[in-house]
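Asker: sequence isn't available, so here's the structure alone:
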């Protein structure tokens, strides 16, 4: 974390998101009912999902930071992906139902009435609130590299766009004499929420399936490893996301003339450099090979076996010679 206050934000981001989005959701529902705005009522779903996300962040950050134990030898970081999956599937289910009912109203030609202008001022206030929450959660997500906080950050940004669309729909309903525009915005919001739910679900599934880190990240650690003295090549890099951390397994090529101890020392230098230079790095395992392609440890063992065989052959020849002379 870059600043001392990041620690405070790390522990409070879930609660701030929970309280703020709960208040915004209640405001949208209340104003949506009294103003007759279907779009603002659907917009309350955006804040409701953020309430759920914030609650899961509180649980996810608590579970994912638990230390390793005998039953979870790779840690508890996958808990965040599991909670993200719950959010994504819930969004897809709820918004799918709303799309069906809102579209049915439009297709059946139900009478429409322009919402009261109080809905416009509520929507503009919510835009400002969500922009602030987006900036705040984006900063926290960047500092702690949390998948769940990153999801919440994207939600707050989409909420701001959604509330802006509600405001524009209300303006169009009044000043362009298009009372059905509010219902169209409501359907558009449902479709957008469903799409967002599919993206969150897919990202969570990739995390649970040990998808690799972005190529930019892999390229960066390759370049860093190549700068270590004694590293002739970077043979293989494997990465995976474990909650807020990225675990790395790497094989570097070294001079085949080096001893096993020297090769091990070089691999430790690489591990130390990556831990110091790459943020949000979890477990790092660096192995070494001969730059010609054979594993250094195996080369060493092979030489020992060859020498042992030569000694055995010499002993056998000496035994045979003694037996022949007798």
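Answerer: Nice, I can see it. Everything numeric here is computed off the predicted structure, so don't read it as measured data.
Asker: pLDDT below threshold where in the stretch 1-150 of the chain?
Answerer: For the stretch 1-150 of the chain, applying pLDDT under 70 flags the ranges 1-8, 10, 60-79, 100-112, 145, 147-148.
Asker: how about the helices in it?
Answerer: 5-35, 38-64, 78-107, 118-144, 147-175 (DSSP state H, counting those that start in this stretch).
Asker: the longest one: which residues count as buried?
Answerer: I take that to be helix 5-35. Within helix 5-35, the residues scored as buried using 16 or more other Cβ atoms under 10 Å are 9-10, 13-14, 17-18, 20-22, 24-25, 27-29, 31-32, 35. Backbone N, C-alpha and C define where each C-beta goes, glycine included.
Asker: now swap in the last one and tell me
Answerer: Buried residues in helix 147-175, defined by neighbour count with 16+ other Cβ under 10 Å: 147-167, 169-174.
Asker: what about the closest residue in space to residue 156 that isn't next to it in sequence, how many residues nearby?
Answerer: Computed as Cβ to Cβ, 6 or more residues apart in numbering, the closest residue to residue 156 that is not its neighbour in sequence is residue 134, at 3.8 Å. Residue 134: 20 surrounding residues under other Cβ atoms under 10 Å.
Asker: residue contacts, residue 134?
Answerer: 153, 156, 157, 159, 160 (Cβ atoms under 8 Å, 6 or more residues apart in numbering).
Asker: how about 7 Å then?
Answerer: 153, 156, 157, 160 (Cβ atoms under 7 Å, 6 or more residues apart in numbering).
Asker: what's the closest of those to residue 40?
Answerer: residue 160 (14.3 Å; Cβ to Cβ).
Asker: nearest residue to that closest one other than its sequence neighbours?
Answerer: Using Cβ to Cβ, 6+ apart, the closest residue to residue 160 is residue 130 (3.9 Å).
Asker: just for the stretch 201-326 of the chain, where's the confidence low?
Answerer: Ranges of the stretch 201-326 of the chain meeting pLDDT under 70: 210-211, 243-244, 292-310, 318, 320-326.
Asker: all helices of it, in order?
Answerer: Going by DSSP H, counting those that start in this stretch, the stretch 201-326 of the chain shows helices at 215-226, 260-277, 296-325.
Asker: domain assignment for this structure?
Answerer: As recorded under automatic domain parsing, the domains making up the chain are 5-208, 215-318.
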